[in-house]
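S.K.: Would you be able to build a 3D model of this:
(one chain, ligands or ions: 2)
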Amino acid sequence: MLDKSKPIFGAQYAQLPERFYGAQSAIPVADPKWIAFNPELAKQLQLNVPELAGEAGLAIFAGNQTASGTMPLAMAYSGHQFGHWNPQLGDGRALLLGDALDKSGQYFDVQLKGSGPTQYSRNGDGRTALGPVLREYVISEAMYAMGIPTTRALAAVATGEKVRRETALPGAIITRVAKSFVRVGTFQYFVAHDDKEGLKTLADFSISRHEPDLKEVEHPYIELLKRIVMRQAKLIAHWQLVGFIHGVMNTDNVSIAGETIDYGPCAFMDEYDPATVFSSIDSFGRYAYQNQPRIGQWNLSVLAQSMLPILHEDEDQALALAQDAVNGFSSQFDDAFRSGLLKKIGITEEQEGDYQLAIELLDTMKTARADFTNTFRALSNMSLPSPDIDAAQLPLTEWINNWIRHTDSGKRIDQQVMRSVNPAFIPRNHRVEAMIQAAIEGDFTLFEELMQVLATPFEDKPVHHAYTLPPEPDERVHQTFCGT
Ligand code: AMP
Ligand code: MG
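M.R.: Ligands and ions are numbered 1, 2, ... in the order given. Here you go, the predicted structure:
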C-alpha cells in the first residue's frame with residue numbers, strides 16, 4: 001500500500017497563481033491495464049519503484065486515483081498553430097501530477113496525457129488512442145537513448161475504453177516527464193492577457209527550474225531568453241543530424257527547457273531528401289525537414305516578442321535586446337550543425353575544405369536518394385583507407401575516395417566518434433506503424449522488441465539487422481497523423 005502521509009509528487013506549479021492553470025482531477029477509466037513502466041526513469045526520479053510498478057501505480061497512471069498530497073492541474077497556454085494565432089489552447093487532454101527531484105538535483109514535472117477533458121478541451125474528448133501513446137513512448141525513449149534532449153516516458157496504460165476517431169480505437173494514457181512543460185505558448189498566454197506580473201512570475205519559475213545560476217545576474221530575463229535560444233538552436237541541430245522531423249513545430253510545442261516535446265506526427269527520414277514532410281496536416285510543408293531551423297528561429301522571435309515587457313522599461317531598448325538574442329540563433333545553430341556534421345564523417349578538428357566535403361556528401365546522398373541513417377553508419381564501419389564498397393554505396397564511390405584523400409589517407413577520420421554519433425538504429429516509420437497495428441490487435445511483442453533495439457542505438461546488433469532496413473515499397477509510410 002502507498003504511504004498516504006507522504007506525497008509522491010511535489011506541487012511547485014500548483015503554488016503559482018491560480019490563473020496559471022485549471023485545477024482538476026483526472027476522469028477515471030473503466031478497466032486500466034499496464035502497457036509499460038520505466039523503472040530506470042522512476043529510479044532516477046527517486047520515486048518508489050515497487051509501489052509505482054504495482055497496483056497503486058496503475059491507478060495513478062490511469063487517473064483513477066490522485067497521488068497523495070498532489071494537486072493535479074491543466075496548464076494554461078496560447079500559441080501559434082501553423083502560423084495562426086490561437087489565444088485559447090492549454091492542456092486539453094493532459095494533467096500535470098506534480099514534480100519529482102532527480103538524483104542530480106534537477107526537478108522534473110510528471111504529466112498524464114489522455115486523462116480526460118479539461119477546461120481547455122474545447123470540442124476534444126481529452127483522450128488519446130493507443131497508437132499515439134505507443135509512438136510517443138517509443139520515439140521519445142529512442143531520442144533519449146540517442147542523447148537528444150527530450151521529454152521521457154514513465155508509464156503507459158490501456159484504459160479499457162474506446163476512443164472515437166475515424167474508427168473506434170483502444171484508448172490509452174501516457175505518463176511523460178519533462179524538465180517542465182512551460183512552452184513559448186505559455187509566455188504568449190500572459191501577453192495576450194496583458195499580464196506583466198504573470199510574465200515575470202513565469203520567467204522566475206523558468207529561471208529557478210532551468211537556469212538557477214541566473215538568479216544572481218543583473219539582467220536575468222534577457223539572459224533567460226538567450227539561454228532558451230541557445231538550447232533550441234542546439235536541439236534543432238540535433239534533429240537535423242539524425243533526420244528527425246518534428247512535424248508540428250507550433251509555438252505551443254516549443255519547450256522553454258530545450259527538450260523535444262509533443263510527439264504527434266513526428267517521423268525520421270529514410271532516404272535523404274531535405275523537402276521531406278510526413279504530417280498529414282502540414283499541407284504546405286511548413287514544417288518540412290529543411291525548414292526546421294528557420295521555423296525554430298521564428299518561434300523564438302515570437303517568444304522574444306512576448307518577453308518584451310519584462311526585458312527593459314524602455315521599449316526601444318527592449319526591442320534591441322530581444323532582436324540581438326534572436327539573431328544569435330543562426331550562428332549557434334550553424335556552429336552546432338557544422339561541428340555535428342563533421343563528426344558524422346569522423347572529423348573532430350576542422351581544416352580547410354572539410355565542411356565543403358561534408359556538404360558534398362549530403363548533395364550526393366540527395367541525388368542518390370541514399371538512406372540517411374544507413375549511409376552514415378556504413379561510413380562509420382567501413383574499412384579505411386581501403387574501403388570495400390558494396391552496391392548500396394556505389395553512387396558514393398567518388399565521394400568516399402575524396403573523403404579519404406582529403407583526410408591524410410583517412411588518418412584524420414575517427415570512426416569511433418562516428419559510431420558514437422551515427423545511430424545504427426532509429427525508430428523507422430514502417431516499424432513503428434507495424435508495432436502499432438500489432439498492439440491494436442493485442443500483440444505487444446513488437447513494442448517490446450522495438451524498445452529493446454532502440455535502447456542502445458549506437459551498437460551494431462547483427463541479430464536485429466532487419467531493424468536497420470529501409471521500408472520495402474509496400475511498407476513505406478507516406479503520412480503520419482496526430483491522432484487527436
Ligand atoms: P497538439 O497538436 O497535440 O499540440 O494539441 C494542440 C491543442 O489541442 C492542445 O491544446 C491540446 O491539448 C488540444 N487537444 C488535442 N487533442 C485533444 C483531444 N483529443 N481532446 C482535447 N484537447 C485536445
Ligand atoms: Mg501540443
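S.K.: From here on, just use CA atoms for contacts and neighbour counts.
M.R.: Noted.
S.K.: wait, does the lengthiest strand in the chain contact ligand 1?
M.R.: In the chain, assigned by DSSP state E, the strand with the most residues is strand 152-164. No. On the criterion CA under 6 Å from any ligand atom, strand 152-164 is out of touch with ligand 1, staying 8.9 Å away.
S.K.: which residues are in contact with the very next helix or strand once past that strand?
M.R.: Later in the chain than strand 152-164, the nearest helix or strand by DSSP states H and E is strand 168-178. Contact with strand 168-178 is made by 61-62, 108-115, 127-130, 133, 137, 150-163, 259, 440, as judged by CA atoms under 8 Å, 6 or more residues apart in numbering.
S.K.: hang on, the earlier thing: what's the longest strand of the chain packed up against?
M.R.: Under the contact criterion of 3 or more CA pairs under 8 Å, 6 or more residues apart in numbering; DSSP states H and E, strand 152-164 touches strand 33-37, helix 39-44, helix 55-61, strand 128-129, helix 130-145, strand 168-178.
S.K.: Buried residues in it, which are they?
M.R.: Of the residues in strand 152-164, Arg152, Ala153, Leu154, Ala155, Ala156, Val157, Ala158, Thr159, Glu161, Lys162, Val163 count as buried by neighbour count, 16 or more other CA atoms under 10 Å.
S.K.: Likewise for stretch 310-320?
M.R.: Going by neighbour count (16+ other CA under 10 Å), the buried part of stretch 310-320 is Ile310, Leu311, His312, Ala318, Leu319.
S.K.: any chance of those in a markdown table, plus distance to ligand 1, secondary structure and pLDDT?
M.R.: Putting the buried residues of stretch 310-320 into a markdown table (distance: CA to the nearest ligand atom, whole Å; DSSP: H, G, I helix; E, B strand; the rest coil; pLDDT from 0 to 100) gives the following:
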| residue | distance to ligand 1 | secondary structure | pLDDT |
| --- | --- | --- | --- |
| Ile310 | 26 | helix | 98 |
| Leu311 | 28 | helix | 97 |
| His312 | 31 | coil | 96 |
| Ala318 | 30 | helix | 97 |
| Leu319 | 29 | helix | 97 |
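S.K.: Which members of those are the farthest-apart pair?
M.R.: Ile310 and Leu319 (10.9 Å; CA to CA).
S.K.: what residues does the stretch 151-300 of the chain put near ligand 1?
M.R.: Residues of the stretch 151-300 of the chain found near ligand 1 (CA under 6 Å from any ligand atom) are Asn253.
S.K.: could you pull out the helices for the stretch 151-300 of the chain?
M.R.: Per DSSP state H, counting those that start in this stretch, the stretch 151-300 of the chain carries helices over the ranges 184-192, 196-210, 220-242, 292-311.
S.K.: what's the most buried one of those?
M.R.: Neighbour counts (mean count of other CA atoms under 10 Å) averaged over each of the helices of the stretch 151-300 of the chain peak at helix 184-192, with a mean of 25.
S.K.: circling back to that earlier point, so which of the buried residues of strand 152-164 comes closest to ligand 1?
M.R.: Nearest to ligand 1 out of those is Val163 (CA to the nearest ligand atom; 8.9 Å).
S.K.: Which secondary structure state does Glu352 sit in?
M.R.: Look at Glu352: counting by DSSP: H, G, I helix; E, B strand; the rest coil, its state is coil.
S.K.: Now do the same contact list for Gln46.
M.R.: Contact partners of Gln46, counting by CA under 8 Å, 6+ apart, are Ala100, Leu101, Asp102, Lys103.
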